[in-house]
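Enquirer: structure of the sequence below:
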Amino acid sequence: MVSRKRSNYSKFPSNNVILCIVSIKIKARKVTVKGPKGEVTKNLSHMPIEMKVMKLSTGKLQGKHVRIRMWNGGYKQACSVTTFKSLIGNMIIGVTEGFRYKMRLVYSHFPINAVIAKDKKSLEIKNFLGGKKSHLIVLPPDASVHLTKEVKDELVFDGIDNQTLSLACSRVNQVCGIGKKDERKFLDGIFVSEKVTTNPKEE
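Expert: Numbers count the residues shown, from 1 in each chain. Coordinates of the predicted model:
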């Protein structure tokens, strides 16, 4: 009896669509989304995925949409279609609502000093665990940081690109390393406490 292996590849394309509520341009798999808060551009040419802005008029889909699909892709490769949909969706949320990350300064004895530049584009961390070395973190061009007046020792990062904003927060978190100390006892650091949108839309 000859055993037949089932192919992981499908001859039908893996499809996904996303509604365009702002201006979207796609050229050579480089996506540019422009909205009231600014403009975000991402290069998505590392995957063989077809993306096209088109007008749809079906029973459920009406108006301008971005069609994302992959031809002859395996199961693992076709998963990137949904990833691309999430990336473009985050770009749309960024230029319409904006992203906001809140970080708390946690210390037990030595107070952590966060000095913010006048243009709110850079941040300097001083006196972490009593150390004399200062750490400068330069934010991406579309992000800004400020200290809140309502909550003590809270940093607020605002931006339109979720990827670069989260990268800036991770850099702030990583400069506060405790080395080989026991992290169960030495809880000092700067940690993300909340992720929200700047101007959430009303439902």
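
Enquirer: name the surrounding residues that touch the host helix or strand of Lys102.
Expert: Lys102 is part of strand 99-106, with elements assigned from DSSP states H and E. Strand 99-106 is contacted from outside by 93, 112, 114, 148, 153-162, 165-166, 169, 172-173, 187-198, using C-beta atoms under 8 Å, 6 or more residues apart in numbering. C-betas here are computed from N, CA, C, even on glycine.

Enquirer: next helix or strand past it?
Expert: Moving toward the C-terminus from strand 99-106, the next helix or strand (DSSP H and E) is strand 113-116.

Enquirer: ok, the residue most central in space within the chain - contacts?
Expert: For the chain, the residue nearest the mean C-alpha position is Asn162 (2.3 Å; C-alpha atoms, centre = their mean). Asn162 is in contact with 90, 93-94, 99, counting by C-beta under 8 Å, 6+ apart.

Enquirer: tell me the spacing between it and Arg100.
Expert: 11 Å (C-beta to C-beta, to the nearest Å).

Enquirer: could you do Asp142 as well?
Expert: According to C-beta to C-beta, Asp142 stands 13 Å off from Arg100.

Enquirer: can you check Val33 too?
Expert: Taking C-beta to C-beta as the measure, Val33 falls 18 Å from Arg100.

Enquirer: what's the answer for Val17, then?
Expert: Taking C-beta to C-beta as the measure, Val17 and Arg100 are separated by 28 Å.

Enquirer: and Lys126, by the same measure?
Expert: Distance of Lys126 to Arg100, given as C-beta to C-beta: 24 Å.

Enquirer: if Lys30 is in a bridge, with which residues?
Expert: Beta-bridge pairing of Lys30 under DSSP bridges involves Lys27, Asn43.

Enquirer: ok, now which ones touch it?
Expert: By C-beta under 8 Å, 6+ apart, the contact set of Lys30 is 41-45.

Enquirer: still on that earlier bit, spatially nearest residue to the residue nearest to the centre of the chain (excluding sequence neighbours)?
Expert: Of all residues not flanking Asn162 in the chain, Asn90 sits nearest, at 4.7 Å (C-beta to C-beta, 6 or more residues apart in numbering).

Enquirer: check which helix or strand that neighbour maps to.
Expert: In this assignment (DSSP H and E), Asn90 forms part of helix 75-96.

Enquirer: still on that earlier bit, which among the contacts of Asn162 gets closest to Lys37?
Expert: Lys37 lies nearest to Gly94 out of the contacts of Asn162, by C-beta to C-beta, at 7.1 Å.

Enquirer: what about that closest one, how many neighbours?
Expert: By the criterion of other C-beta atoms under 10 Å, Gly94 has 26 neighbours.

Enquirer: which one is it nearest to, not counting chain neighbours?
Expert: Of all residues not flanking Gly94 in the chain, Ile160 sits nearest, at 4.0 Å (C-beta to C-beta, 6+ apart).

Enquirer: all strands of this protein, in order?
Expert: 14-19, 23-27, 30-35, 38-43, 50-57, 62-70, 99-106, 113-116, 122-126, 135-138, 143-147, 154-159, 189-197 (DSSP state E).
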